[in-house]
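Peer 1: The following block contains a protein sequence and its predicted model.
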Amino acid sequence: MSLPRTPRIAYGGDYNPEQWPREVWAEDHRAFDLARIDTLTVGVFAWALTQPDADTYDLSVLEEVVERAHAEGRQVCLATGTGALPPWLATEHPEVNRTDFQGRVHGYGQRHNACPSSTVYRRAAAALAGRVAERFGDHPAVVAWHVNNEYGGFDGGCWCERCGADFRAWLRERYGDLATLNHAWSTTFWSHRFTDWDQIAPPNMLTEHWRGPDHTAFQGITLDYRRFQSDAMLRTFREEKDAIRAFSDKPVTTNFMGMFRPLDYHRWAPHLDFASWDNYPPDDRSASRMALTHDLMRGLKDGQPFWLMEQTPSTTASRDVNPVKRPGVLRLWTWQAVAHGADAALFFQMRQSRGACEKYHGAVLGHSGRTGTRLFREVAALGAELERLGDRLLGARTPARVAVLFDWDSWWAVEMSDGPNRHVSYPGTQVAWHRALWEAGAQVDVVPVTADLDRYDVVVAPLLHLLEGDIADRLAAVAARGGTVVTGVLSGRVDEADNAFLADVPGPLGAMAGVRVDETDAQPPDVANPVTLTDPSAPGDTVTCAGRLVFDLVLPQGAEVVGTYGSDFYAGTAAVTRNRHGAGEVWYVGTLLDADGTAWVLRRVLDRHGLLGPFADAPGLEHAVREVGGRRYELLLHHGDEAVEVRAHVDATDLLTGREVRAGDALALAPTDVLVLEVGR
Amino acid sequence: MSLPRTPRIAYGGDYNPEQWPREVWAEDHRAFDLARIDTLTVGVFAWALTQPDADTYDLSVLEEVVERAHAEGRQVCLATGTGALPPWLATEHPEVNRTDFQGRVHGYGQRHNACPSSTVYRRAAAALAGRVAERFGDHPAVVAWHVNNEYGGFDGGCWCERCGADFRAWLRERYGDLATLNHAWSTTFWSHRFTDWDQIAPPNMLTEHWRGPDHTAFQGITLDYRRFQSDAMLRTFREEKDAIRAFSDKPVTTNFMGMFRPLDYHRWAPHLDFASWDNYPPDDRSASRMALTHDLMRGLKDGQPFWLMEQTPSTTASRDVNPVKRPGVLRLWTWQAVAHGADAALFFQMRQSRGACEKYHGAVLGHSGRTGTRLFREVAALGAELERLGDRLLGARTPARVAVLFDWDSWWAVEMSDGPNRHVSYPGTQVAWHRALWEAGAQVDVVPVTADLDRYDVVVAPLLHLLEGDIADRLAAVAARGGTVVTGVLSGRVDEADNAFLADVPGPLGAMAGVRVDETDAQPPDVANPVTLTDPSAPGDTVTCAGRLVFDLVLPQGAEVVGTYGSDFYAGTAAVTRNRHGAGEVWYVGTLLDADGTAWVLRRVLDRHGLLGPFADAPGLEHAVREVGGRRYELLLHHGDEAVEVRAHVDATDLLTGREVRAGDALALAPTDVLVLEVGR
Amino acid sequence: MSLPRTPRIAYGGDYNPEQWPREVWAEDHRAFDLARIDTLTVGVFAWALTQPDADTYDLSVLEEVVERAHAEGRQVCLATGTGALPPWLATEHPEVNRTDFQGRVHGYGQRHNACPSSTVYRRAAAALAGRVAERFGDHPAVVAWHVNNEYGGFDGGCWCERCGADFRAWLRERYGDLATLNHAWSTTFWSHRFTDWDQIAPPNMLTEHWRGPDHTAFQGITLDYRRFQSDAMLRTFREEKDAIRAFSDKPVTTNFMGMFRPLDYHRWAPHLDFASWDNYPPDDRSASRMALTHDLMRGLKDGQPFWLMEQTPSTTASRDVNPVKRPGVLRLWTWQAVAHGADAALFFQMRQSRGACEKYHGAVLGHSGRTGTRLFREVAALGAELERLGDRLLGARTPARVAVLFDWDSWWAVEMSDGPNRHVSYPGTQVAWHRALWEAGAQVDVVPVTADLDRYDVVVAPLLHLLEGDIADRLAAVAARGGTVVTGVLSGRVDEADNAFLADVPGPLGAMAGVRVDETDAQPPDVANPVTLTDPSAPGDTVTCAGRLVFDLVLPQGAEVVGTYGSDFYAGTAAVTRNRHGAGEVWYVGTLLDADGTAWVLRRVLDRHGLLGPFADAPGLEHAVREVGGRRYELLLHHGDEAVEVRAHVDATDLLTGREVRAGDALALAPTDVLVLEVGR
């Protein structure tokens, strides 16, 4: 692993001066100085410029931009520029164009428009990456490499004949022979037994699917195709990275998109030097969702800091409705990113596009180039704060004792499952569980199922539908050594090929959970079943909340009943259980509980391990901890609509104001307020 | 006509042991014994297994399954296995793959994936059917043949070039020459006069359609294409049946899907030996809808019993939300099927699929194979009841004096009509009218317009939009001889080519109804027009209900006014009329009445003929009558949420409990309760 | 410019007797006499009849129809009949079939089915037009030519290879070289720099678009393609017109469709001799929308009267719900058309189609041919009224002092813009502003941005997103000479290539408006921000209304604040301003106000110029003025649900009743009532 070397949290963003006349460049750099912007991402969509035809590379404009940045004292995150094809390549070699899920061969247009299996595309992209690396590999301004851009955009892939051929090769590699493949895909069902590899085609709307990408006749085929497409795109990344490595050993990344379904970032992560991602939350009520996503991105490289590669300083453009960021929000969210592991805070973009579909996407400088705007003032004030921080939080780590398992295979499997309920959302459920932990002030890692679980007291596994490898054993081990495992409905259902375990539900998780489930009911989103939760060891501690969508009729096989349903024919039967396993406990939550119920369960779990945060009862107040070089930083971020007052729990210095805080002092936080406490200073 | 010979109501279902290792088979049969399962449907999707390549047939696994069933004393409903193509056929002969309504040529995948006009497919399917019949035609375990599976699934057909050619041949047969065709299709409109047969192509989204299958520029073309596709699939059924007949004279069926729009089951029915169907109601509030559908299926073979070929013992999987069946519901619905004519009660399926899209579809045995589940206990209890019944209800008939006309041509025509209102649903209207009869306790046949109407006192014709043959005359004859005919809005509008009658509305029905309609208003679903219904001969008998969607401004031409509109510019004018015709009456209901209005009208009609049932006022209590061999059975099925108490109307024995009942006795029925009364025993 | 010569307001409509046997024709003409019908539109879809194959023209039926009309004393609007292809042409030359926006090549079917770039189609259409004109050019019955029909129906065009080639030619003409094109299209963005003309393809779902026609990666490309398609269809119109001109100098039109997005009618208008359009409002609450559309159509030919080419006498058929026209509505709407400039009132159609998709579309004569219907009586009564009017209103003009700018480029640009808010509707906003003027009784012209603005006191420019030519200067001149200009949010944003002005918002409109906008907030449709409007010179004159969807944070640069926001972080800041500019005023309305707010602003504006109408406070009462030959006509049309009583404002004669009216007399108008006052007679 390696991170770019920067003197402080990198600040700046995407910069495409090639769209503007030279006289604007000087104006840009003057504004960057005002805002303490020290980092520019350059060349993301420059292919048509850097390679105007098959035989010509022209890096002169890129050179000019990089040299100017260098001269102005700024560092550069340099893109290979392969995020969108140039027209000449697409028209001279139509094979580079993708075929969509409907089976339609696309012509030139848009971005994310390349077939990852096209050798013409792959060679051209790697060649360009090599040329750029050859020229700028040693350039002192370049601190990091940015390969391609937001891989997998739109519907995430290609379904062409070439991909079909590569898919078959991938399958041969995975299964060896057709008998194994037929068994894995359960092809006896619906007369699908394949007798020749060439009978296998990409699963799309013209073959196995109906209604859309989540409705397939053969989950196993579609699941493998998702894996294959993720791998096929990863291959193109790796080819570009290899081309760079021939000339440069600076750290390489590509910008991820958080909870992005098409790509299994956990399989990508080992091939990146550091993670980076683009934070475009759906709305300004997304604080907990962003917290989860930052944790997920930090978890890609085992806790190593990531770069926030993109966020908008103000509005998006591609949504149906694109509101401006309210005052203070840009600052609050940027500090939240830092609180969760960001070593860079970059914008898309520095100057607003003149034309095309992003001309109304917010930018540090608008079409007028004016620096007297509210937006620019907020950007500049934030730049000053970050500068004041110096190198203090760089490279810090989050001391988490709680892990949430996030698993792309389970995501894919549970959302493409026919039955029991199409309304179940994997990320929505992740957000619900993570939010309860976050509100309780727990420091949380979001990790793959392959992660080392030894370091955690609590492991939460929502919708762990598909079990791969030894994850069941390792979860049992967490409980056995005294930890707590929380799992529940729709977990432990299928193996890695999406075939049901031929056993009682929840399969390999059943023994540790001490339960059996013969029936899972399903109801539409507007139907709630009241669930009464009562701690058997503290009967006064009770709450009634709502369960929704899916309802396991839990049959305790040793577990104690903590929650019971309140209605339907299974009223009075078990909904939530807790089982002693070794020195620890395993909870089984048999329905999707609302926020109150989820909080009730998880606070009991955290409490057992002394992991409730100091501000768990202050609504909207986030508490995040970072440690580096023996020092501890605690960030307080207020996402609520109402001012809160809390008592400081440690002696510390607020790095943003220099104010000294003593434990017990009153701390008043207005909405969007941020404290960056250096503990014990 | 002929029915499979079985000693009692056949009980069991789809069984696909080829998906499982042999050791599971023994476990299966032990469970079947526990549940008194005596019938297994075998081989429905076995093509890839039974014919692994073009030149090889391998019936060994099928043989093993059938022999084992036989050895265990079970009977077999044997499938030809052509419901889904094997991969080798689809890839070696791409012509077998269907082209969808969007004009997209499909590749291999899914099921229902064959073009019915492909000669390669037709020959291969018939050949396989022949091979299977040759081998098992005399097998003592085989009691019935099951051809293909759920013909016409998905969007019901194929729109390829080959179908285009067959369509043209079909049209030549129907019309003889282009002048006749042009006249039938009204091609002077929009410059469509065809001057060569080859100018005619399948009507789809690339030719005559917009928005979807119900929006066409030329209703006549699309109507004929629907007829052609139904016939084309029927041809493939007949070819398989003929291949079977060469080796076996056991009864042949294919499983229908109830009110399934793509296929005109009335045109299919003569070619089946017995009808069978798959009952997957949309929800657990569908009791009256199922009653209608059973009656429709029974009407296919002139009242002969049918087989319930599939129902789920618990959940479906393909819906957005798939709830479990509540306790008692499986039993209640199975008895309802028997009450309406089922001689078999079969499940899909016996053991739950391990993988693919039906792995969460309910089954008698789940993934664990456990028999201690609530579901298995209910299945076994029901099996015991059916066994207790013996052969008593086999071959029974429903003594109906009421007929409802159900007509695929009218369904197609009224739902593809531009104007007056796209929200009108043919099956929805059928359900509304049938429900009123069912609640009133009438025994009802649901029959085609070609049925012999002489046996009925009452004939109800909802949305009889298209009039074919002499149906108008035969309806008039019903009234002339003293019967009652009920029809109304959107009836009598078009001839068999979907051309408007050049006459006053309702065309040939006008004289008997004694009305004329110059205008039909339409309103969105949320607009109701109050309709006040008053019996002119009993003015105190009045109710105000709601009319919706379509509103004929009825101008009486001799009829008496029974109902008037309450709002809009036609407030006070006629909505519902009754006309004396010969010795009988013809009602014209000029709008879609709500449940209260429909009940008011139909109870008056039933009352005239003394056809109100004994429990017409007990909410949710169904009363069904079956007669065989001189004995009469009356089934009471309680679909309501609340317990009811009624008085027995006859002396009888409840065959399920052995309890003797005297007329006048109190009968208490809790929700889901069932009584099977043998009268006078 | 020229209008057909008719003795009075032409009355009649589409007549397709070729669909009927000859004996019906006599019946038709007897009915036409009863209804005073003097004008028949003939041959609109006759291509398959008039040219049964490539080498044969057969005008005999057309001849028969025209001769019969002539013999009966009726005049004919003669169609070229090219609105739908005949089957033989489409199958012999598949290139004539269009390719849709999805990139799918269509087969034969529907109408609007020709590719406008197909030379085969273009030659065949022009040849047919020439043949018809050659035969009937001098026929005394023919008063006007009707080319094709409703150009651009459905999704408005073709995206085939041939269109691609013609698009490239059109672009070469527009831009000269690729550098200019690349600059206009901002192709540096997303690596789109084109290096060869042949790299450019039609922008559709397989190239630049996502989600649909309004979602494009490159607005500039799609904008130009819309212009090109409009021009390509216009070319086919001109070719037919030229072919007619070789034989006839009678006035030529084609029937437009009002606010129809695909075609820029302003670019078409110079090529028509007179405008005509088909009025199918969405519902019976569309009085103000129809007023706007009539004004827009009248504005096409600089105020010259237009023909109302189609309206339904009763129901439509293609809607989901097709209600009948309420009593009086047909008369009211016909007089409204006349009030806004119609010199003809024509129906689609005279006799109801027997089959196909318009068989339930209303017609003067229904399927029964009956003249005793309510509908026919209303048609006949209206015919009598129009006859009574004689030539009085023919050729009249509307003396408007208020102009609303309507601009197809702005419509296209604002609705395909990514950001700020996809819910903004261009026609919806036009209707909102025009409605306020119409309710206030102002006489309004709706004109293109190229119109001479010197004649207006008030110019309203809603959503003038794209500024072309010198429109900003000419608006400034209106204010400078003492007039009032009203504009606002989303105006002045982009140049003619849809590139943002590199300046403060609202670009070239900023100086005259005296404002600057750094931020535009956006909110979903259900969020309102209260806006308080107060006249600074009359502080008691205040109202609080709602702003929606988009919210400019208006920074006054000299303008006075008239309205302020009431909520969100910009509460208290400017939403609406008024600026002194020369002798006049410029209003800037920074959000989409509700009806109350819009009325408040515009009534203040009208009041400044003395342009409030005499019945501005009578709800639902429309007041329209027409002048011709020195005489003035004032029409009062009551669209409200409640009767109103007003005082006459002039001495006049009601031409419909002959009643003399004195100024000050009470005038009572029931719903749907109409007065046609000849002033001072």
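Peer 2: Yep, it's here. In this text, all values refer to a predicted model and were calculated from it rather than measured experimentally.
Peer 1: OK, contacts around the residue of the stretch 501-650 of chain A found nearest chain C?
Peer 2: Closest residue of the stretch 501-650 of chain A to chain C, C-beta to the nearest C-beta: A:Asp641 (12.2 Å). C-beta: built from backbone N, CA, C; applies to glycine. The contact partners of A:Asp641, taken as C-beta atoms under 8 Å, 6 or more residues apart in numbering or on different chains, are A:620, A:671.
Peer 1: Shouldn't it be within a strand?
Peer 2: No. Applying DSSP: H, G, I helix; E, B strand; the rest coil, one finds A:Asp641 to be coil, outside a strand.
Peer 1: Would you mind listing the buried residues in the lengthiest strand in chain A?
Peer 2: Scanning chain A for the strand with the most residues, using DSSP state E, yields strand A:538-556. Using 16 or more other C-beta atoms under 10 Å in any protein chain shown as the test for burial, strand A:538-556 gives A:545-556.
Peer 1: and if you look at stretch A:136-147?
Peer 2: The neighbour-count check on stretch A:136-147 (16+ other C-beta under 10 Å) flags A:136-137, A:139, A:141-147 as buried.
Peer 1: ok, and does that stretch reach over to chain C?
Peer 2: No. Stretch A:136-147 lies out of reach of chain C by C-beta under 8 Å from any C-beta of the partner chain, never closer than 14.7 Å.
Peer 1: How far does that stretch stretch from one end to the other?
Peer 2: 14 Å (C-alpha to C-alpha, to the nearest Å).
Peer 1: Check stretch A:516-534 too.
Peer 2: So stretch A:516-534: terminal residues 20 Å apart, C-alpha to C-alpha.
Peer 1: mean confidence score for it?
Peer 2: The average pLDDT within stretch A:516-534 is 98.
Peer 1: Tell me how far it lies from the chain's centre.
Peer 2: Put simply, stretch A:516-534 sits 29 Å off its chain's centre (C-alpha atoms, centre = their mean, to the nearest Å).
Peer 1: One more: stretch A:525-539?
Peer 2: Distance, centroid of stretch A:525-539 to centroid of chain: 31 Å (C-alpha atoms, centre = their mean).
Peer 1: again, but for stretch A:88-107
Peer 2: Worked out by C-alpha atoms, centre = their mean, stretch A:88-107 lies 29 Å from the chain centre.
Peer 1: cool, and stretch A:11-27?
Peer 2: Distance, centroid of stretch A:11-27 to centroid of chain: 30 Å (C-alpha atoms, centre = their mean).
Peer 1: Can you mark which positions in that stretch are buried?
Peer 2: Neighbour-count burial for stretch A:11-27 [16+ other C-beta under 10 Å]: A:11-20, A:25.
Peer 1: now swap in stretch A:623-643 and tell me
Peer 2: Neighbour count says stretch A:623-643 has A:623-627, A:632-640 buried, by 16+ other C-beta under 10 Å.
Peer 1: Is it possible to get a markdown table of those that adds pLDDT?
Peer 2: Shown next, in a markdown table, are the buried residues of stretch A:623-643 (pLDDT from 0 to 100):
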| residue | pLDDT |
| --- | --- |
| A:His623 | 98 |
| A:Ala624 | 98 |
| A:Val625 | 98 |
| A:Arg626 | 98 |
| A:Glu627 | 98 |
| A:Arg632 | 98 |
| A:Tyr633 | 98 |
| A:Glu634 | 98 |
| A:Leu635 | 98 |
| A:Leu636 | 98 |
| A:Leu637 | 98 |
| A:His638 | 98 |
| A:His639 | 98 |
| A:Gly640 | 97 |
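Peer 1: From the buried residues of stretch A:11-27, which land in strands?
Peer 2: Reading strands off those with DSSP E, I get A:11-15.
Peer 1: I'd like those written out as CSV, with distance to chain C added.
Peer 2: Shown next, in CSV, are those (distance: C-beta to the nearest C-beta, whole Å):
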residue, distance to chain C
A:Tyr11, 22
A:Gly12, 20
A:Gly13, 16
A:Asp14, 12
A:Tyr15, 13
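Peer 1: from the residues you listed, which is closest to C:Trp411?
Peer 2: A:Asp14 (31.8 Å; C-beta to C-beta).
Peer 1: now the closest one: how far from A:Trp268?
Peer 2: 21 Å (C-beta to C-beta, to the nearest Å).
Peer 1: residues contacting A:Thr6?
Peer 2: A:38-39, A:75, A:143, A:343-344, A:394.
Peer 1: Please read the previous query as pertaining to A:Asp278.
Peer 2: So A:Asp278 contacts A:150, A:255-258, A:309-311, A:348 (C-beta under 8 Å, 6+ apart).
Peer 1: Now tell me what touches stretch A:281-290 from outside.
Peer 2: With C-beta under 8 Å, 6+ apart as the criterion, stretch A:281-290 contacts A:279, A:323, A:325-326, A:329, A:333, A:336-337, A:431, A:434-435, A:438-439, A:620, A:622, A:637, A:639.
Peer 1: Now intersect the residues you listed with the strands, please.
Peer 2: Secondary structure from DSSP E places A:622, A:637 of the contacts of stretch A:281-290 in strands.
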